[in-house]
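A.B. asks: how does the following fold in three dimensions:
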Amino acid sequence: MVLADFPWQIFMSPFGIPIAGVIGVFGWLAIASISDAVAKVMCNRNDSELKLELLAGGFSSDEIVRIVEAGRDEECSTNEHHRHAHAPRHAAT
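C.D. replies: Take a look at the predicted model:
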């Protein structure tokens, strides 16, 4: 077997299916991570643009927070940053 001439012959061996499975899983994880990162960037960009427009329109900071939170997509609100960014802080007793 000359592996250099025919590199796809690795899949003809008994280890071919596990190798293809490992490559598939890592490929899927890479694509999922990239798409999640792109979604977070898009949500943050949309939030920033909305905040700048509202600030230019003369809204107060309380109104901006209320409007941004009310208008946030379900997809954006599931991000870790958005869930904990405005979490209430309890005073130590």
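
A.B. asks: dump the residue contacts of K51.
C.D. replies: Residues near K51 by Cβ atoms under 8 Å, 6 or more residues apart in numbering: I64, V68. Every C-beta, even on glycine, is put in place using the N, C-alpha and C of the backbone.

A.B. asks: can you tell me the helix or strand for it?
C.D. replies: Secondary-structure element containing K51, defined by DSSP states H and E: helix 16-56.

A.B. asks: relative to the whole chain's centre, how far out is that helix?
C.D. replies: Its chain's average C-alpha position is 4 Å from that of helix 16-56, according to Cα atoms, centre = their mean, to the nearest Å.

A.B. asks: so for it, what's the average pLDDT?
C.D. replies: Average pLDDT, helix 16-56: 93.

A.B. asks: that one: what's the following helix or strand?
C.D. replies: As assigned by DSSP H and E, the chain's next helix or strand after helix 16-56 is helix 61-71.

A.B. asks: the helix holding K51 vs helix 61-71, what angle?
C.D. replies: Relative orientation of helix 16-56 with respect to helix 61-71: 140 degrees, computed using axes from the mean of the first three to the mean of the last three Cα atoms, to 10 degrees.

A.B. asks: neighbours of the nearest residue to C76 once chain neighbours are set aside, just the number please.
C.D. replies: With sequence-adjacent residues excluded and distances taken as Cβ to Cβ, 6 or more residues apart in numbering, C76 is closest to C43, at 3.6 Å. Neighbour count for C43, taken as other Cβ atoms under 10 Å: 19.
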